[in-house]
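J.: the sequence and its predicted three-dimensional model are supplied below.
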Amino acid sequence: MQVGVVLLALRKRSHVVEWNAMSILADKRCILVGTAELSRTISEHRRTMRALRLFLLACLAVGSAACPDLVVTPTPDHAIARGIPTFQANDEWYYRMRWAEPKTAVDLLTATPTRERINRYIHWTPAGEEALGSTQTLMWAVERSDGGRGVGFTGGHWHRNWAVDDFRRLVLNAIAWTAKVDVPDGGVVSEPITERQLNENLDPKKTMVHVALPSEADLTQPSAEPVEFRWPGKR
């Protein structure tokens, strides 16, 4: 029986529990689908970075990675891409990963950030600026020497994107592939997500914001004005 684990890293407080679990899983060599959000809060802990490199052969580092809102049109070429010739999604994509050397990860989704394609700056770093105009990895797959598999995905920040059929299929394909289940030729099919479903089981907040379905407007936002460098902990 194959075992798969999905870690969705959305809150800083939850990461300690998740990474402790990863240490246990490492001993059992279970199969891991890596985080759907490689956020800054993950990279603030050295232990977490070691765990990520163990499972995903990559991690994100504060002050190096950049995460602008960026519309991407990836064209992956892998079993995980079955049924997904291409798609568009506006998300808070992180790039400039730190890779284990030598890099053995296989790129699944790539994009080329440019000033014209960035519609919001969140964390912005010199390394992010240096990478403008060059191909960046947004999703990758690894097959480790112990037989385990892992997938890293830096999207998943904007909740509405789970209603994009191919966005959802891509992640479902990744879960199947990581657990060594054959990915169907047309990809893993799921039922369409409704706006009502998008707004179910949301974490409570002081001000709850209704989540609308994705629209063409998400993909046609104007370019953002450049900003000064900024990232958590910057002095």
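T.: It's in.

J.: which one is residue 165 nearest to, not counting chain neighbours?
T.: Excluding the flanking residues, the one nearest residue 165 by CB to CB, 6 or more residues apart in numbering is residue 192, at 6.6 Å. For every residue, glycine as well, the C-beta is placed using N, CA and C.

J.: any idea whether that neighbour is helix, strand or coil?
T.: coil (DSSP: H, G, I helix; E, B strand; the rest coil).

J.: also the one 5 residues further on?
T.: At residue 197 the chain is in helix, as set by three-state DSSP.

J.: tell me, how many residues neighbour it?
T.: As a burial measure, residue 197 scores 13 neighbours (other CB atoms under 10 Å).

J.: any idea how far it is from residue 123?
T.: The gap separating residue 197 from residue 123 is 30 Å, by CB to CB, to the nearest Å.

J.: also residue 232?
T.: 7 Å.

J.: show me which of these two is the more surrounded one.
T.: Taking neighbours as other CB under 10 Å, residue 232 and residue 123 compare with residue 123 leading, 22 against 12.

J.: make sure that one is indeed in a strand.
T.: Yes - if the criterion is three-state DSSP, then residue 123 is within a strand.

J.: so it bridges to which residues?
T.: In this entry, residue 123 is beta-bridged to residue 67, by DSSP bridges.

J.: residue 108 contacts residue 142, doesn't it?
T.: No - the pair residue 108 and residue 142 fails to qualify as a contact (CB atoms under 8 Å) at a distance of 10.6 Å.

J.: so for the two, which residues contact both of them?
T.: residue 151 (CB atoms under 8 Å, 6 or more residues apart in numbering).

J.: more neighbours: which of the two?
T.: Between residue 108 and residue 142, residue 108 has the larger neighbour count (other CB under 10 Å), namely 24 against 21.

J.: got the confidence number for the more buried one?
T.: At residue 108, the model reports a pLDDT of 87.

J.: contact partners for it?
T.: 74, 76, 78, 80-81, 139-141, 151, 174.

J.: doesn't it lie inside a helix?
T.: No - under the criterion used here (three-state DSSP), residue 108 is strand, not part of a helix.

J.: what helices and strands are in contact with the helix or strand hosting residue 152?
T.: Assigned by DSSP states H and E, residue 152 belongs to strand 149-153. With contacts defined as 3 or more CB pairs under 8 Å, 6 or more residues apart in numbering; DSSP states H and E, the packing partners of strand 149-153 are strand 31-33, helix 46-56, strand 136-143, helix 165-178.

J.: now the weakest link among the ones you listed, please, by mean pLDDT.
T.: Sorting those by mean pLDDT places strand 31-33 lowest, at a mean of 37.

J.: where in the protein is pLDDT low?
T.: Applying pLDDT under 70 to the chain flags the ranges 1-70, 72-76, 233, 235.

J.: cutoff 80 now
T.: Low-confidence regions of the chain, defined by pLDDT under 80, span residues 1-77, 86-87, 97-98, 100-101, 144-148, 231-235.
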